[in-house]
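>>> Quick check, what structure comes out for this input:
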Amino acid sequence: MSQWETVIGLEVHVQLATRSKIFSGAATAYGAEPNTQACAVDLGMPGTLPVMNAQAVELAIRFGLAVGATVAERSVFARKNYFYPDLPKGYQISQYELPVVVGGGLNVRLDDGSSKFVQLTRAHLEEDAGKSVHDAFHAETGVDLNRAGTPLLEIVSDPVLGSAAEAVAYLKTLHTLVRWLEVSDGNMQEGSFRCDANVSVRRKGEPLGTRAEIKNVNSFRFVEKAIDYEIERQIRLIESGGQVVQETRLFDAHKGETRSMRGKESAHDYRYFPDPDLPPLVIAAADIERARAQMPELPEARRQRYIDALGLTEYDASLLTADRIVCEFFETLIAALPEQAKLCANWVLGEWLGALNANALTPDTSPISAERLGSLLQRIVDGSLSSKMGKQVFEELWHSDESADAVIERLGLKQVSDTGALAAVVDEIIAANSKQVEQFRAGNEKLLQFFVGQAMKATRGQANPAQLNELLKAKLA
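Prediction:
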């Protein structure tokens, strides 16, 4: 067993799903031309005053309630002072001593089937900085201030994670939750969900080691690679007689390694002080209760309901509740087919998600609605279609606006379930294959599939397989 322990705490910056910035009316839309969405307030021009975005507060309340935290009825904004080219005011408005959300935690399901409760320290509101652009000009750096003032909720975990795998499992759980609550779109490619990882190692039984912070990692895969590399780097350094220094590091995805960026500041380096332009944020108890009354069923509760009430496996229930849009799609299906939860789950997780992935589509851009898929599944349930035929109809639905019934009619795919019609087909096949009948009755039961194939050929694949098998066994006995 390794003599080393890893201690990880994560700071996740979640961009809140508001249309305007946290202290101004400037837009937050992604992809605008550089420096076209930064107004005088975002730039800290003389004479301007920040005004709190009420929707950002509502989203913070929603998150706090979802993780069982205390939503502070009074919190304070502070100025965090540092000087970078992409920070136009020379300070960032954040929260320090009195954050809006305190405590709470997430129950995280790990890959081995176990679970771990990850305690949260806090979640606080703050504004984002701009962005330094290093590849737009030869030998020069540009500054894009479109993101300056974008509303963030920084979610800080306690240092309780013990491996890169645990860190990624926690991040995925948190990512699902903020998207589920519609607190954020969680788009990692656009910077809406970014992670700073604080990593340290120690020999078992020793005090906490010196931590290094890996800054702004924006994919689950890179988070895992960055943490694993940093763990190995720190262990090698200590075992060779060196010391880990407190610093901020960047992850180089091309080389798969972290590298030093700057010395890590402590809180006193930022010279926090209450922002004189913003009064304390006061949240009425009635506002908290109103938010509580509007909370949706949370992913963990819904996952358990699917297992207990619908009889789904833990695996299927976990996949269905990993994305709210997928889950709502499934909910629409089972509302129409309440006794067919397993069938619905199989089609959602199999055919539907498979087709989305194959066509590089997201659940919200699916060409097949839950209602249209539900109509198809109804025809499988009532025996009009076999599962194989259903997949053929699904393919047609994917590429057209027709209903399932219209496709079935057009392709002549309706399953033959009439016992009399099937019996007549079976009688003809038995009469035409007397040699095979004798061999079957002599003990060669593998020939049953021969008769099934002949019957399917005679009915152009439209015979009900279950009824056909029963009739053949009865008549060949």
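
>>> pretty sure Lys342 contacts Ala317?
No: contact between Lys342 and Ala317 fails when scored by Cβ atoms under 8 Å: they sit 11.2 Å apart. The C-beta positions use only the backbone N, C-alpha and C, and glycine is treated the same way.

>>> ok, these two, which is more surrounded?
Between Lys342 and Ala317, Ala317 has the larger neighbour count (other Cβ atoms under 10 Å), namely 23 against 13.

>>> Can you give the contact residues for the host helix or strand of that one?
Assigned by DSSP states H and E, Ala317 falls within helix 314-320. Contact partners of helix 314-320, identified using Cβ atoms under 8 Å, 6 or more residues apart in numbering, comprise 109, 113, 303-304, 306-307, 310, 312, 326-327, 330, 342, 345, 348-349.

>>> In helices only, show me these.
Arg303, Gln304, Tyr306, Ile307, Val326, Cys327, Phe330, Lys342, Ala345 (DSSP state H).

>>> Tabulate the residues you listed in TSV, adding columns for distance to Gly9.
What follows is the ones in helices among the contacts of helix 314-320, written out as TSV (distance: Cβ to Cβ, whole Å):
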residue	distance to Gly9
Arg303	26
Gln304	28
Tyr306	32
Ile307	31
Val326	30
Cys327	30
Phe330	35
Lys342	40
Ala345	36
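
>>> wait, is Thr141 part of a strand?
Yes: Thr141 forms part of a strand when assessed by DSSP: H, G, I helix; E, B strand; the rest coil.

>>> Double-check it against His134; I have them as touching.
Yes: with contact defined as Cβ under 8 Å, Thr141 reaches His134; the gap is 5.3 Å.

>>> The two: which has the busier surroundings?
Neighbour count, other Cβ under 10 Å: between Thr141 and His134, Thr141 has more, with 12 against 9.

>>> Please read off the pLDDT at Lys475 from the model.
In this model, Lys475 is scored at 69, pLDDT.

>>> buried stuff in stretch 27-37?
Buried residues in stretch 27-37, defined by neighbour count with 16 or more other Cβ atoms under 10 Å: Ala27, Thr28, Tyr30, Gln37.

>>> Contact partners for the second one?
Translated: Thr28. Counting by Cβ under 8 Å, 6+ apart, Thr28 makes contact with Gln15, Thr18, Arg19, Ser20, Lys21, Gln37, Thr150, Pro151.

>>> Where helices are concerned, which of those count?
Reading helices off the contacts of Thr28, I find no matches (DSSP H).

>>> which one of those residues is nearest Gly186?
Nearest to Gly186 out of the contacts of Thr28 is Gln15 (Cβ to Cβ; 8.6 Å).

>>> My read is that the closest one contacts Thr150, right?
Yes: Gln15 lies in contact with Thr150 (Cβ under 8 Å); the separation is 6.0 Å.

>>> what is in contact with the two at once?
Both Gln15 and Thr150 are in contact with Thr28, Asp128, where contact means Cβ under 8 Å, 6+ apart.

>>> show me where pLDDT drops low in the stretch 301-450 of the chain?
414-421 (pLDDT under 70).

>>> Please, where are all the helices along it?
Assigned helices in the stretch 301-450 of the chain, in chain order: 314-320, 324-336, 341-347, 353-358, 370-381, 387-398, 404-411, 419-432, 434-441, 448-458 (criterion: DSSP state H, counting those that start in this stretch).

>>> Now do the buried residues in the lengthiest helix in the chain.
Across the chain, the longest stretch assigned as helix under DSSP H is helix 220-239. Residues of helix 220-239 classed as buried by neighbour count (16+ other Cβ under 10 Å): 220, 222-231, 233-235, 238.

>>> next one: stretch 12-27
Buried, per 16+ other Cβ under 10 Å, within stretch 12-27: 12-18, 20-24, 26-27.

>>> for stretch 170-182, same thing?
Residues of stretch 170-182 classed as buried: Tyr170, Leu171, Thr173, Leu174, His175, Thr176, Leu177, Val178, Arg179, Trp180, Leu181 (neighbour count, 16+ other Cβ under 10 Å).

>>> Return stretch 126-135 as CSV; C-alpha atoms alone will do.
Taking Å, rounded to 0.1, in the frame of the first residue of the first chain, the C-alpha atoms of stretch 126-135 are listed here in CSV:
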residue,chain,number,x,y,z
GLU,A,126,-18.3,37.4,-7.9
GLU,A,127,-17.6,39.0,-11.3
ASP,A,128,-15.4,37.4,-13.9
ALA,A,129,-12.3,39.1,-15.3
GLY,A,130,-11.6,39.7,-19.0
LYS,A,131,-9.4,37.4,-21.1
SER,A,132,-5.9,37.7,-22.4
VAL,A,133,-5.5,36.5,-26.0
HIS,A,134,-2.1,35.3,-26.9
ASP,A,135,-2.6,33.9,-30.4
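
>>> List of residues touching that stretch?
Residues outside stretch 126-135 that contact it (Cβ under 8 Å, 6+ apart): 13, 15, 21-23, 34, 38, 80, 84-88, 92-95, 141-152, 154.

>>> Mind giving me the ChimeraX select for the residues you listed, buried ones only?
ChimeraX command restricting the contacts of stretch 126-135 to the buried ones, with burial defined by 16+ other Cβ under 10 Å:
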select :13,15,21,22,23,38,80,86,87,88,92,93,94,95,143,144,145,146,147,148,149,150,151,152,154
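
>>> And the pLDDT at the residue nearest the centre of the chain?
Central residue of the chain (Cα atoms, centre = their mean): Thr176, 4.0 Å from the mean position. Listed pLDDT for Thr176 reads 96.

>>> Also the one 3 residues further on?
Arg179 is assigned a predicted lDDT (pLDDT) of 97.

>>> and what of the one 4 residues further on?
Each residue has a pLDDT score; the one for Val183 is 98.

>>> so what's it closest to, chain neighbours aside?
Sequence neighbours aside, Leu59 is the residue nearest to Val183 in space, at 4.7 Å (criterion: Cβ to Cβ, 6 or more residues apart in numbering).

>>> wait, is the one you found part of a helix?
Yes: looking at Leu59 with three-state DSSP, it is inside a helix.

>>> tally of neighbours for it?
Close neighbours of Leu59, defined as other Cβ under 10 Å, add up to 24.

>>> now Glu206
A total of 11 residues lie near Glu206 under the criterion other Cβ under 10 Å.

>>> cool, Gly90 as well?
Neighbour count for Gly90, taken as other Cβ under 10 Å: 11.

>>> ditto for Phe251
As a measure of burial, Phe251 has 23 neighbours, counting by other Cβ under 10 Å.

>>> mind listing what the residue nearest to Ala27 when sequence neighbours are not counted touches?
Nearest non-adjacent residue to Ala27, counting by Cβ to Cβ, 6+ apart: Gln37, 5.1 Å away. Counting by Cβ under 8 Å, 6+ apart, Gln37 touches Ala26, Ala27, Thr28, Ala29, Asn146.

>>> Pull up the pairing partners for the helix or strand containing Asp135, direction included.
Assessed by DSSP H and E, Asp135 sits inside strand 131-137. Applying DSSP bridges, strand 131-137 is found paired with strand 140-144 (antiparallel).
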